[in-house]
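Asks: Quick one, what's the 3D model for this:
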Amino acid sequence: MSFNIMEIWGHMSWIVRFTLLFMVGMSIFTLFAAIERFFTFRKAAAQTYSYVVALSEYLAKRRVDDALKAARMHKGSPVARVVESGLVAYQNGMEAKEKEGPDDVGDFDVVDAVNRGLERVKERETSNLRKWMGGLATVASVSPFVGLFGTCFGIINAFGLLKEGGGMEVIGPAIAEALYSTALGIGVAIIAALFFNYFTTRIESMVVDMDDVSSEFIDYVLREGRS
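Replies: Numbers count the residues shown, from 1 in each chain. This next block holds a predicted model:
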(Lines give C-alpha, C1' and ligand atoms only; values in the text may rest on other atoms or scores of the structure.)
Protein backbone atom coordinates (compact mmCIF):
# COMPACT_ATOMS: atom_id res chain seq x y z
CA MET A 1 0.00 0.00 0.00
CA SER A 2 1.28 3.46 -0.86
CA PHE A 3 -0.32 6.88 -0.89
CA ASN A 4 0.99 10.41 -0.77
CA ILE A 5 -0.16 13.77 0.54
CA MET A 6 -1.91 14.71 -2.68
CA GLU A 7 -3.77 11.41 -2.67
CA ILE A 8 -4.86 11.99 0.92
CA TRP A 9 -5.96 15.53 0.04
CA GLY A 10 -7.95 14.17 -2.86
CA HIS A 11 -9.87 11.81 -0.59
CA MET A 12 -10.66 14.49 2.01
CA SER A 13 -14.13 15.87 2.41
CA TRP A 14 -14.51 19.64 2.11
CA ILE A 15 -15.08 19.91 5.86
CA VAL A 16 -11.74 18.27 6.66
CA ARG A 17 -10.00 20.41 4.05
CA PHE A 18 -11.47 23.55 5.56
CA THR A 19 -10.40 22.37 9.02
CA LEU A 20 -6.81 21.82 7.89
CA LEU A 21 -6.67 25.18 6.13
CA PHE A 22 -8.05 26.84 9.25
CA MET A 23 -5.29 25.27 11.35
CA VAL A 24 -2.69 26.35 8.80
CA GLY A 25 -4.04 29.88 9.21
CA MET A 26 -3.69 29.61 12.99
CA SER A 27 -0.11 28.41 12.59
CA ILE A 28 0.69 31.39 10.34
CA PHE A 29 -0.82 33.75 12.92
CA THR A 30 1.22 32.07 15.66
CA LEU A 31 4.43 32.51 13.68
CA PHE A 32 3.64 36.14 12.85
CA ALA A 33 2.78 37.00 16.47
CA ALA A 34 5.90 35.27 17.77
CA ILE A 35 8.22 37.08 15.36
CA GLU A 36 6.60 40.47 15.99
CA ARG A 37 6.74 40.10 19.79
CA PHE A 38 10.30 38.74 19.72
CA PHE A 39 11.72 41.76 17.90
CA THR A 40 9.55 44.18 19.88
CA PHE A 41 10.72 42.76 23.21
CA ARG A 42 14.35 42.61 22.09
CA LYS A 43 14.25 46.28 21.13
CA ALA A 44 12.48 47.15 24.38
CA ALA A 45 15.09 45.32 26.49
CA ALA A 46 18.01 47.03 24.76
CA GLN A 47 16.49 50.51 24.99
CA THR A 48 15.36 50.00 28.58
CA TYR A 49 18.88 49.14 29.70
CA SER A 50 20.31 52.15 27.86
CA TYR A 51 17.71 54.52 29.29
CA VAL A 52 17.89 53.31 32.89
CA VAL A 53 21.65 53.89 32.90
CA ALA A 54 21.18 57.41 31.50
CA LEU A 55 18.28 58.16 33.87
CA SER A 56 20.32 57.30 36.96
CA GLU A 57 23.05 59.68 35.85
CA TYR A 58 20.68 62.52 35.01
CA LEU A 59 18.68 62.28 38.23
CA ALA A 60 21.85 62.13 40.31
CA LYS A 61 22.81 65.49 38.75
CA ARG A 62 19.19 66.80 38.89
CA ARG A 63 19.09 67.16 35.11
CA VAL A 64 15.38 66.54 34.71
CA ASP A 65 15.20 68.13 31.26
CA ASP A 66 17.92 65.84 29.95
CA ALA A 67 16.16 62.83 31.48
CA LEU A 68 12.99 63.82 29.67
CA LYS A 69 14.80 64.28 26.36
CA ALA A 70 16.42 60.86 26.76
CA ALA A 71 13.03 59.28 27.45
CA ARG A 72 11.65 60.71 24.23
CA MET A 73 14.62 59.27 22.36
CA HIS A 74 13.90 55.76 23.67
CA LYS A 75 10.38 55.26 22.30
CA GLY A 76 10.90 51.51 22.03
CA SER A 77 11.21 51.14 25.80
CA PRO A 78 8.03 50.88 27.89
CA VAL A 79 10.05 51.95 30.94
CA ALA A 80 11.14 55.14 29.16
CA ARG A 81 7.55 55.92 28.15
CA VAL A 82 6.33 55.43 31.72
CA VAL A 83 9.06 57.60 33.19
CA GLU A 84 8.43 60.22 30.52
CA SER A 85 4.88 60.65 31.81
CA GLY A 86 6.22 60.96 35.36
CA LEU A 87 8.80 63.55 34.33
CA VAL A 88 6.18 65.62 32.52
CA ALA A 89 3.88 65.45 35.55
CA TYR A 90 6.77 66.44 37.80
CA GLN A 91 7.70 69.46 35.71
CA ASN A 92 4.08 70.57 35.40
CA GLY A 93 3.58 70.08 39.12
CA MET A 94 6.59 72.15 40.05
CA GLU A 95 5.42 74.93 37.74
CA ALA A 96 1.92 74.77 39.23
CA LYS A 97 3.28 75.11 42.76
CA GLU A 98 5.15 78.26 41.80
CA LYS A 99 2.09 79.92 40.29
CA GLU A 100 -0.72 81.61 42.15
CA GLY A 101 -3.99 82.59 40.65
CA PRO A 102 -7.79 82.24 40.77
CA ASP A 103 -7.58 78.75 39.25
CA ASP A 104 -5.52 77.30 42.11
CA VAL A 105 -7.38 74.65 44.12
CA GLY A 106 -5.91 74.03 47.55
CA ASP A 107 -2.43 72.58 48.00
CA PHE A 108 -1.08 70.85 44.91
CA ASP A 109 0.49 67.45 45.66
CA VAL A 110 3.32 66.91 43.18
CA VAL A 111 4.01 63.36 44.36
CA ASP A 112 0.38 62.36 43.88
CA ALA A 113 0.31 63.91 40.40
CA VAL A 114 3.51 62.10 39.39
CA ASN A 115 2.23 58.81 40.77
CA ARG A 116 -1.03 59.13 38.83
CA GLY A 117 0.90 59.91 35.64
CA LEU A 118 3.13 56.88 36.10
CA GLU A 119 0.26 54.51 36.86
CA ARG A 120 -1.84 55.72 33.96
CA VAL A 121 0.86 55.10 31.36
CA LYS A 122 2.04 51.92 33.07
CA GLU A 123 -1.40 50.36 32.58
CA ARG A 124 -1.39 51.32 28.91
CA GLU A 125 2.12 50.00 28.35
CA THR A 126 1.28 46.72 30.06
CA SER A 127 -1.71 46.37 27.75
CA ASN A 128 0.52 47.08 24.73
CA LEU A 129 3.00 44.44 25.85
CA ARG A 130 0.19 41.87 25.96
CA LYS A 131 -0.63 42.43 22.28
CA TRP A 132 -1.28 39.12 20.48
CA MET A 133 -1.17 37.20 23.79
CA GLY A 134 -4.92 36.63 23.72
CA GLY A 135 -4.65 35.25 20.21
CA LEU A 136 -1.81 32.89 21.14
CA ALA A 137 -3.75 31.66 24.16
CA THR A 138 -6.80 31.05 21.97
CA VAL A 139 -4.78 29.10 19.41
CA ALA A 140 -3.14 27.01 22.12
CA SER A 141 -6.48 26.07 23.68
CA VAL A 142 -8.64 25.74 20.56
CA SER A 143 -6.43 24.08 17.93
CA PRO A 144 -6.49 20.56 19.48
CA PHE A 145 -10.30 20.63 19.38
CA VAL A 146 -10.27 21.90 15.80
CA GLY A 147 -7.99 19.00 14.94
CA LEU A 148 -10.33 16.54 16.63
CA PHE A 149 -13.22 18.07 14.73
CA GLY A 150 -11.45 17.23 11.46
CA THR A 151 -10.57 13.80 12.82
CA CYS A 152 -14.21 12.97 13.45
CA PHE A 153 -15.15 13.69 9.85
CA GLY A 154 -12.10 11.80 8.60
CA ILE A 155 -13.17 8.71 10.54
CA ILE A 156 -16.74 9.09 9.29
CA ASN A 157 -15.41 9.23 5.74
CA ALA A 158 -13.29 6.10 6.36
CA PHE A 159 -16.27 4.16 7.69
CA GLY A 160 -18.33 5.25 4.70
CA LEU A 161 -15.71 3.86 2.33
CA LEU A 162 -15.48 0.67 4.38
CA LYS A 163 -19.24 0.23 4.21
CA GLU A 164 -19.03 0.51 0.43
CA GLY A 165 -16.65 -2.47 0.42
CA GLY A 166 -13.38 -0.61 0.10
CA GLY A 167 -10.16 -2.28 1.20
CA MET A 168 -7.15 -0.82 2.94
CA GLU A 169 -6.00 0.79 -0.29
CA VAL A 170 -9.21 2.82 -0.28
CA ILE A 171 -9.79 3.56 3.40
CA GLY A 172 -6.08 4.10 4.18
CA PRO A 173 -5.99 7.71 2.95
CA ALA A 174 -9.22 8.45 4.82
CA ILE A 175 -7.74 7.17 8.07
CA ALA A 176 -4.55 9.11 7.36
CA GLU A 177 -6.47 12.36 6.89
CA ALA A 178 -8.00 11.88 10.33
CA LEU A 179 -4.60 11.31 11.92
CA TYR A 180 -3.05 14.26 10.09
CA SER A 181 -5.81 16.51 11.37
CA THR A 182 -5.19 15.45 14.97
CA ALA A 183 -1.41 15.73 14.65
CA LEU A 184 -1.58 19.20 13.10
CA GLY A 185 -3.96 20.44 15.78
CA ILE A 186 -1.75 19.18 18.61
CA GLY A 187 1.40 20.51 16.93
CA VAL A 188 -0.04 24.01 16.51
CA ALA A 189 -1.26 23.99 20.11
CA ILE A 190 2.13 23.01 21.50
CA ILE A 191 3.96 25.73 19.56
CA ALA A 192 1.41 28.41 20.50
CA ALA A 193 1.52 27.40 24.18
CA LEU A 194 5.33 27.54 24.23
CA PHE A 195 5.36 31.01 22.70
CA PHE A 196 2.59 32.20 25.02
CA ASN A 197 4.42 31.05 28.15
CA TYR A 198 7.73 32.48 26.97
CA PHE A 199 6.34 35.91 26.12
CA THR A 200 4.23 36.01 29.29
CA THR A 201 7.42 35.58 31.29
CA ARG A 202 9.07 38.39 29.33
CA ILE A 203 6.07 40.64 29.93
CA GLU A 204 6.12 40.00 33.66
CA SER A 205 9.83 40.87 33.74
CA MET A 206 9.21 44.18 31.93
CA VAL A 207 6.31 45.01 34.23
CA VAL A 208 8.65 44.50 37.21
CA ASP A 209 11.15 46.84 35.54
CA MET A 210 8.45 49.49 35.11
CA ASP A 211 7.45 49.14 38.76
CA ASP A 212 11.04 49.34 40.01
CA VAL A 213 12.00 52.39 37.96
CA SER A 214 8.71 54.14 38.78
CA SER A 215 9.32 53.54 42.48
CA GLU A 216 12.85 54.92 42.21
CA PHE A 217 11.56 58.01 40.44
CA ILE A 218 8.93 58.57 43.15
CA ASP A 219 11.73 58.37 45.72
CA TYR A 220 13.60 61.05 43.77
CA VAL A 221 10.53 63.30 43.76
CA LEU A 222 10.10 62.82 47.51
CA ARG A 223 13.74 63.67 48.17
CA GLU A 224 13.53 66.77 46.00
CA GLY A 225 10.36 67.85 47.79
CA ARG A 226 12.01 67.62 51.19
CA SER A 227 15.11 69.46 50.02
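Asks: centre of the chain versus the longest helix anywhere in the chain, how much separation?
Replies: The longest helix of the chain (DSSP state H) is helix 168-226. Relative to the chain's own centre, helix 168-226 is displaced by 7 Å; criterion: CA atoms, centre = their mean, to the nearest Å.
Asks: now stretch 59-78
Replies: Distance, stretch centre to chain centre, for stretch 59-78: 25 Å (CA atoms, centre = their mean).
Asks: now the chain, which segments are flagged as low pLDDT?
Replies: 1-12, 99-108, 161, 163-174, 225-227 (pLDDT under 70).
Asks: can you give me the helices in it?
Replies: Assigned by DSSP H, the helices in the chain fall at 5-11, 14-60, 64-73, 78-98, 110-129, 133-163, 168-226.
Asks: So which of these is the most surrounded?
Replies: Across these, the average number of neighbours (mean count of other CB atoms under 10 Å) peaks for helix 78-98, which reaches a mean of 21. Heads up, the C-betas are built off the backbone N, CA and C, glycines and all.
Asks: Now do the longest helix of the chain against helix 14-60: the angle between them, please.
Replies: Helix 168-226 runs at 20 degrees relative to helix 14-60, counting by axes from the mean of the first three to the mean of the last three CA atoms, to 10 degrees.
Asks: by contact count, what packs against helix 168-226?
Replies: helix 5-11, helix 14-60, helix 78-98, helix 110-129, helix 133-163 (3 or more CB pairs under 8 Å, 6 or more residues apart in numbering; DSSP states H and E).
Asks: now those helices as a markdown table including distance to residue 175?
Replies: Output for the helices and strands packed on helix 168-226, formatted as a markdown table (distance: least, CB to CB, whole Å):
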| stretch | distance to residue 175 |
| --- | --- |
| helix 5-11 | 10 |
| helix 14-60 | 12 |
| helix 78-98 | 50 |
| helix 110-129 | 44 |
| helix 133-163 | 5 |
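Asks: These: which one's closest to residue 195?
Replies: Across the helices and strands packed on helix 168-226, residue 195 has its closest neighbour in helix 14-60 (4.6 Å, CB to CB).
Asks: ok and the closest one relative to helix 78-98, angle-wise?
Replies: Using the same axes, to 10 degrees: helix 14-60 against helix 78-98 is 50 degrees.
Asks: chain center to helix 14-60: distance?
Replies: With CA atoms, centre = their mean, you get 6 Å for helix 14-60.
Asks: what does stretch 88-95 give?
Replies: 32 Å.
Asks: Spit out the contact partners of residue 153.
Replies: Neighbour list for residue 153: 13, 15-16, 19, 178 [criterion: CB atoms under 8 Å, 6 or more residues apart in numbering].
Asks: hmm, back to that, of the helices and strands packed on helix 168-226, which approaches residue 204 most closely?
Replies: Per CB to CB, nearest to residue 204 of the helices and strands packed on helix 168-226: helix 110-129, 9.5 Å.
Asks: packing partners for the closest one?
Replies: Secondary-structure packing of helix 110-129 (3+ CB pairs under 8 Å, 6+ apart): helix 78-98, helix 168-226.
Asks: Looking at those helices, spot the one closest to residue 144.
Replies: Using CB to CB, the nearest of those to residue 144 is helix 168-226, at 4.8 Å.
Asks: Could you check the angle the closest one makes with helix 64-73?
Replies: 170 degrees.
Asks: relative to helix 110-129, how tilted is helix 168-226?
Replies: Counting by the same axes, to 10 degrees, helix 168-226 points 170 degrees away from the direction of helix 110-129.
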